[in-house]
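Novice: Here is my input; please provide its structure:
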Amino acid sequence: MRILLATDAWTPQINGVVRTYQRLAEELKLIGSDLVVMGPENFRCVPCPSYPEIGLAMPDRRHCESLIERARPDAIHIATEGPVGWMARAYCKRRRRPFTTSFHTRFADYVSARWPIPESWVYAVQRRFHQRSAGVMVATEGMAADLRRRGFERLLPWTRGVDTALFRPQPVRLFGSGPVFLYAGRVAVEKNIEAFLNLELPGVKVVVGDGPQLAELETRYPAVTFTGVREGQDLARCYASADVFVFPSLTDTFGMVMLEAMACGVPVAAFPVIGPKDLVVPGVSGVLGDDLQAAALGAMALERPRVREAALAFTWQAAAKIFIANIEGALAQVRLREEAAQRRIRMGRASAV
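Specialist: You can find the predicted model right below:
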C-alpha cells in the first residue's frame, strides 16, 4: 500500500507527531508499504503564532493537487488539522475520495492556555474537520472516550511503539548521583512544567527540550538544569540518568516520552489523566496521583526492571500493522456504504417502474 501522509508537523520540528510518523515510515517499509509525506517543506511557510520557531505552511490548491496526484497514493491519511491538513481534506472532498485522519493534539487546551477562546469552539472546529474522515485514529481508549462524549465518530484505536534498542537501561549518571527527577518534551505553557518545577524534591531537577517558554523558565528557576534539545543516544542517556520521570502535562493525548523513559527503566510520576492513565501501570511502571510530589517520591521505590518490562508491550511493528489495518478497514466500510446506497437507488428505480 502506498499512503500519502498530509501533515503540518514534520522535520525539523521535534515532537511526538513527527517522531511517530518517522518511526512508522521505517516500520511500514518492512511490511511492504510506503509512506509519502506532504508536509510544510513542500510549501511557503510563515512563523507560527506563539511558536515562531515552527514554520506554518501556506499551501496553495494547485500545488497540493499536483503533489497528491504525482504520488499516486492508494490511500490518504491526514495527521493534523493545520493548513496542510485542511488543504488535503478539501482535495479529497472535491474528488469524493475517502481519507483517514488521526487525533493527535488537544488544541482546545493549547488555545485556551494562550487566548480567551472557549474550548467548545475549538472542539467544534476539530469535530467538523474529522466528520468527513472514514476513520479517526486515536492513541488511547481514554482519549477515545472523551472524544465520543464530544460527538466524534468512527474512532479507531491506534497505539504507539517505543524503540527499546535505543531506549534502554544504561549505567550512566549525567546529572550526578541523584536523586534525579527529569522532564523531557516541549517547553511550553500547555505542558504545565511549572507544576514539576515548583515541587519540593530532593536532589536535582532536569528539563530536557526546547520551546517558547524555555528562556522564561531558565530565568525563573536557576537551580534547575535545562539541557535544551537532546535526540537519539543523547536523549536516551538523559532518560537513563534519571531516577524518576515526572510528566506534569494535563493535555497530552498519549505522551511518547513516558514510554521512552519507561523503556530506560525509569518510573513515571504523573497526574491521573488521559495519557498517563492509559500507559502507566500504577505501582509497577509509575505512580499516578493528584499530589504530584507524593507521586514523584513514591515512584523512586519502584523496581526498574519491572518498569522496563511494562514498556516492552509497545512495539512499532504492532503499531504499523494496526495503522494499515485501520486504513484498509475504514476504506472497506466506505465501499460497503457506497454499494448499499447504489442498491437502494436501483431498488427505488425498479419499484418506480
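
Novice: tell me what the lowest-mean-pLDDT helix or strand in the chain is packed against?
Specialist: Least confident element among the helices and strands of the chain, by mean pLDDT, DSSP states H and E: helix 107-112 (a mean of 75). Helices and strands touching helix 107-112, by 3 or more CB pairs under 8 Å, 6 or more residues apart in numbering; DSSP states H and E, are helix 119-131. (Each C-beta comes from the backbone N, C-alpha and C, glycine too.)

Novice: by contact count, what packs against the helix it packs on?
Specialist: In terms of contacts (3+ CB pairs under 8 Å, 6+ apart), helix 119-131 is packed against helix 83-94, helix 107-112.

Novice: how about CSV for those helices, with mean neighbour count and distance to P171 added?
Specialist: Formatted as CSV, the helices and strands packed on helix 119-131 follow (neighbours: other CB atoms under 10 Å; distance: least, CB to CB, whole Å):
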stretch, mean neighbour count, distance to P171
helix 83-94, 19, 43
helix 107-112, 18, 38
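
Novice: Helices along the protein, start to end?
Specialist: All helices of the chain, identified by DSSP state H, fall at 16-30, 61-71, 83-94, 107-112, 119-131, 141-149, 194-197, 214-220, 232-240, 256-263, 276-279, 292-299, 304-311, 316-352.

Novice: Need the pLDDT of S50.
Specialist: At S50, the predicted lDDT confidence score is 69.

Novice: what do you get for V307?
Specialist: V307 carries a pLDDT value of 98.

Novice: do N198 as well
Specialist: 98.

Novice: same check, this time on A113
Specialist: pLDDT recorded at A113 is 66.

Novice: which one of the helices of the chain has the lowest average pLDDT?
Specialist: Sorting the helices of the chain by mean pLDDT places helix 107-112 lowest, at a mean of 75.

Novice: Can I get that one in CSV? Just the C-alpha atoms.
Specialist: Provided in CSV are the C-alpha atoms of helix 107-112 (Å, rounded to 0.1, in the frame of the first residue of the first chain):
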residue,chain,number,x,y,z
PHE,A,107,-5.8,22.1,20.5
ALA,A,108,-8.6,23.4,22.7
ASP,A,109,-6.4,23.1,25.8
TYR,A,110,-3.5,24.7,24.0
VAL,A,111,-5.5,27.6,22.7
SER,A,112,-7.3,28.3,26.0
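
Novice: quick one: contacts of it?
Specialist: Here helix 107-112 makes contact (CB atoms under 8 Å, 6 or more residues apart in numbering) with 81, 117-120, 122-123, 126, 190, 250-251.

Novice: List only buried entries from these.
Specialist: Buried members of the contacts of helix 107-112, counted by 16 or more other CB atoms under 10 Å: 81, 122-123, 126, 190, 250-251.

Novice: Greatest separation within the residues you listed: which pair is it?
Specialist: E81 and L250 (20.4 Å; CB to CB).

Novice: How many residues are close by the closest residue to G298 other than its chain neighbours?
Specialist: With sequence-adjacent residues excluded and distances taken as CB to CB, 6 or more residues apart in numbering, G298 is closest to V287, at 4.4 Å. Neighbourhood size, V287 [other CB atoms under 10 Å]: 26.

Novice: give the contact list for V287.
Specialist: 267-269, 280, 294-296, 298-299, 302.

Novice: Can you tell me which of these is nearest V224?
Specialist: Set against V224, the nearest of the contacts of V287 by CB to CB is A296 (14.3 Å).

Novice: ok, now how distant is that closest one from D243?
Specialist: For A296, the distance to D243 equals 9 Å [CB to CB, to the nearest Å].

Novice: which neighbours do those two share?
Specialist: By CB under 8 Å, 6+ apart, A296 and D243 have these common neighbours: F181.

Novice: Looking at these two, which is more packed in?
Specialist: Each of A296 and D243 has its neighbours counted (other CB under 10 Å); A296 has more, 28 against 21.

Novice: pretty sure that one contacts N198?
Specialist: No: counting by CB atoms under 8 Å, A296 stays clear of N198, with 11.9 Å between them.
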